[in-house]
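Asks: I would like to see how this sequence folds:
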Amino acid sequence: LAIYGGGPGALFWMWVTGLVGMATKYTEAVLAVEYRTTDAKGGMAGGPMYYLSRGLSWGAVPAGVLVVLSGLVLLGGIKSIGRVTQVLAPAMIALYVGGGLVILAMFAAKIPGALALVFEAAFTPTAAVGGFAGAAFAETVRLGVSRGIFSNESGLGSSPIAAAAARTGDPVSQALISMTQTFIDTLVVCTITGLVILVTETWQQDLKGVAMTAAAFETGLGSGIGAQIVSISLIFFAYSTILGWSYYGEKSLEYLGGARMVWPYRVVFVALVGVGAVAKIELVWNFSDVMNGLLAVANLIGLLFLSGVAAKLTREQLGEK
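Replies: I've put the predicted structure just below:
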């Protein structure tokens, strides 16, 4: 989607968000573990609502099969989510990244040219080529940054909710682990996707989103195989994302209204999974971008004021005085 609307240069701006995002992801995770608390069931609860209120004392921070599968997992809570995602995550990474690396090996001679195009288009408007309509500089930056943040969630305050549930008493170790998610998501997976699209030249076709990626994989791996890899990986990526975000919302509502909010939320969330599956893609993306922006505003302000705490914990854990 970033390359479709913003051209090759959008990949550069995704890299920027990934590199900067590793720092914000680290800070989020450090604070999430440091300020977490125990919930009504004896489990761990944490995230931006906890480190903003406890660290700064600012108060609270205000389609069929898919529905069934989501319900089976989500209604079981965090342990059920963990059991499913620990299987899905490695499988989808191995399948998708493996397929992408095979294609890049086949088109290795074109990789230097593709990288040069990325850096050139990152700072200049991209002219219309083939089915690509062209992109202004501002649109390239906007799409690169927004899709990059969407891929790694750094700075949004969502992933530290999961980090706070980790079985560890060491905030720094958990923060370092959390950083790897940003690196893998944006600087590895998204880069492989972008380069596969560029070296196969499918970015010049009038294709959008997953259709462009599927065409690129088919160009490299042959008809049928490429599309199957993209389709299966997309199912894994999307499903695991649904599971993760359901937990974020659950813990946020539990923070606001207590444990009584959890079950009604899970039921409503499962129902809305079906709505999201059939809604227009433009509506889904626009709504997500607005909500992500609102999340980032509150969370990044909190990270700024609590950055000293994160630095202090890091120095203590790493043995610096």
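Asks: what ranges do the helices span in the stretch 51-200 of the chain?
Replies: 65-74, 78-106, 111-121, 137-152, 159-163, 171-182, 191-199 (DSSP state H, counting those that start in this stretch).
Asks: Deepest in the core, which of the ones you listed is it.
Replies: Using mean count of other Cβ atoms under 10 Å, the stretch among those with the largest mean neighbour count is helix 159-163, at a mean of 26. Where you see a C-beta, it was placed from the backbone N, CA and C, and this is true even at glycine.
Asks: now what about it, what contacts it?
Replies: The contact list for helix 159-163 (Cβ atoms under 8 Å, 6 or more residues apart in numbering) reads 25, 28-29, 31-33, 46-48, 51, 153, 174-175, 178, 181, 244, 247-248, 251-252.
Asks: now, which of these lie within helices?
Replies: When the contacts of helix 159-163 are checked against helices (DSSP state H), the matches are 25, 28-29, 31-33, 48, 51, 174-175, 178, 181, 244, 247-248, 251-252.
Asks: Which secondary structure element of this structure has the lowest mean pLDDT?
Replies: In the chain, the helix or strand scored least confidently by mean pLDDT, DSSP states H and E is helix 65-74, which has a mean of 62.
Asks: Neighbours of Phe132, how many?
Replies: Using other Cβ atoms under 10 Å, Phe132 has 19 neighbouring residues.
Asks: So for it, what's the pLDDT?
Replies: Phe132 is assigned 77 on the pLDDT scale.
Asks: what's across from it in the sheet?
Replies: Following DSSP bridges, Phe132 is listed with bridge partners Val129.
Asks: contacting residues around it?
Replies: 4, 7, 126, 203-206.
Asks: residues of the top helix by length along the chain that come out buried?
Replies: Longest helix in the chain by number of residues, with DSSP H as the criterion: helix 281-317. The neighbour-count check on helix 281-317 (16 or more other Cβ atoms under 10 Å) flags 292, 295-296, 298-300, 302-303, 306, 309-310, 313-314 as buried.
Asks: between the residues you listed, which is closest to Gly222?
Replies: Using Cβ to Cβ, Asn292 comes nearest to Gly222 of the buried residues of helix 281-317, at 36.7 Å.
Asks: where's the closest one relative to Gly6, distance?
Replies: Remark: distance between Asn292 and Gly6 (Cβ to Cβ, to the nearest Å) = 17 Å.
Asks: Ala135 is in contact with Thr124, isn't it?
Replies: No. Counting by Cβ atoms under 8 Å, Ala135 stays clear of Thr124, with 10.1 Å between them.
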